[in-house]
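S.K.: no FASTA, just this:
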């Protein structure tokens, strides 16, 4: 008897399911399931009529059989009442997604989130931190070209995401796009026109879709079988986190206005973590914020690179000396998401939060001074 795997697909909106409205702009469309049922690459209608149509499983779709697996993969699309362009997403949207994964966790073997590409890097990162324990595969995916169009990349992205969620045991949040599976805390959108829209600049992909879908176990945070089959979430997040990019016209007034009322700030600096040092008023505003227990994290503006705990240039030394936390090789998106998570840990002291920001807990960074740990 063929073994069946079930996947829950959470459809949140995004380009994947968009059509042009009367103004000629793309907006999310409802009832995406009707469209997918007509696509033979994504739905086996013959199997559905023979095995599902007249059963309690009639709400499922079925992937066609293929060489990737001998399993039969069924999936159900849970379409949100309000579909959004991901540019409209707030923390509440990702909290809802995390809660839904927990709610339906024991009913499915894996999860796919259809997500808009603009904030996928933020969503994948914040979901990674919120899902403190997850023993099943969670894959975010989407499209650069809507599924309604003949040249859509959504078909293959969605198909591979479903196969990975059903057949691969990767107990973490991931992103599949183009032909690669990325760690959720490492991913970054690098193009708004190319089909290969995402990359992980400081870390290799977990999987590359070739003629097979194979994962190297050494690429995973958790060795196979080491994570309990349970879902534990932390869905309280700080709303007082912002990202500020250093540029030549930055002023002390800008820094003061951004930092006011914030609990944490991601500071995107030049190169190896540098700021202007001859304009002391800039440094003094940052120093004042740190003394008031604003947790400031130093992230490089470069696509690829790192900000170490030991400054290389004089222009970075001042930040280290006043207590700004180096991000090492974290992306700005991961640093932002981690701050939202860490700052909500009210049981921790300020210094403990600083140490947690410098500690790898979801595969988000490499700190040569710390060992990799499975933190909370």
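M.R.: Nice, I can see it. Just so it is clear, the model here is predicted, and its values are computed rather than measured. Numbering: from 1, shown residues only.
S.K.: skipping its backbone neighbours, what lies nearest residue 47 in space?
M.R.: residue 62 (4.8 Å; Cβ to Cβ, 6 or more residues apart in numbering). For glycine as for every other residue, the C-beta is placed from the backbone atoms N, C-alpha and C.
S.K.: pull the contacting residues for the one you found.
M.R.: 43-44, 47-48, 51-52, 72-75 (Cβ atoms under 8 Å, 6 or more residues apart in numbering).
S.K.: what about 6 Å?
M.R.: 44, 47-48, 74 (Cβ atoms under 6 Å, 6 or more residues apart in numbering).
S.K.: confidence score at residue 53?
M.R.: Confidence at residue 53, expressed as pLDDT, is 95.
S.K.: and the gap between it and residue 80?
M.R.: In this view, residue 53 and residue 80 are 25 Å apart by Cβ to Cβ, to the nearest Å.
S.K.: the more surrounded of these two?
M.R.: Taking other Cβ atoms under 10 Å, residue 53 and residue 80 do not tie; residue 80 has more neighbours (17 against 11).
S.K.: skipping adjacent residues, who's closest to the more buried one in space?
M.R.: residue 12 (5.5 Å).
S.K.: could you confirm the one you found falls within a strand?
M.R.: Yes. Counting by DSSP: H, G, I helix; E, B strand; the rest coil, residue 12 is part of a strand.
S.K.: what's around it, how many residues?
M.R.: So residue 12, with other Cβ under 10 Å, has 28 neighbours.
S.K.: number of nearby residues for residue 348?
M.R.: Applying other Cβ under 10 Å, we find 14 residues neighbouring residue 348.
S.K.: dihedrals phi and psi, it?
M.R.: phi -90, psi 150 (degrees, to the nearest 10).
S.K.: so it versus residue 6, what's the distance?
M.R.: Shown here: residue 348 relative to residue 6, a distance of 38 Å by Cβ to Cβ.
S.K.: which stretches in the stretch 251-376 of the chain count as helices?
M.R.: 252-259, 280-291, 314-321, 332-342, 350-357 (DSSP state H, counting those that start in this stretch).
S.K.: outline the domain layout of the chain.
M.R.: 4-233, 241-357 (automatic domain parsing).
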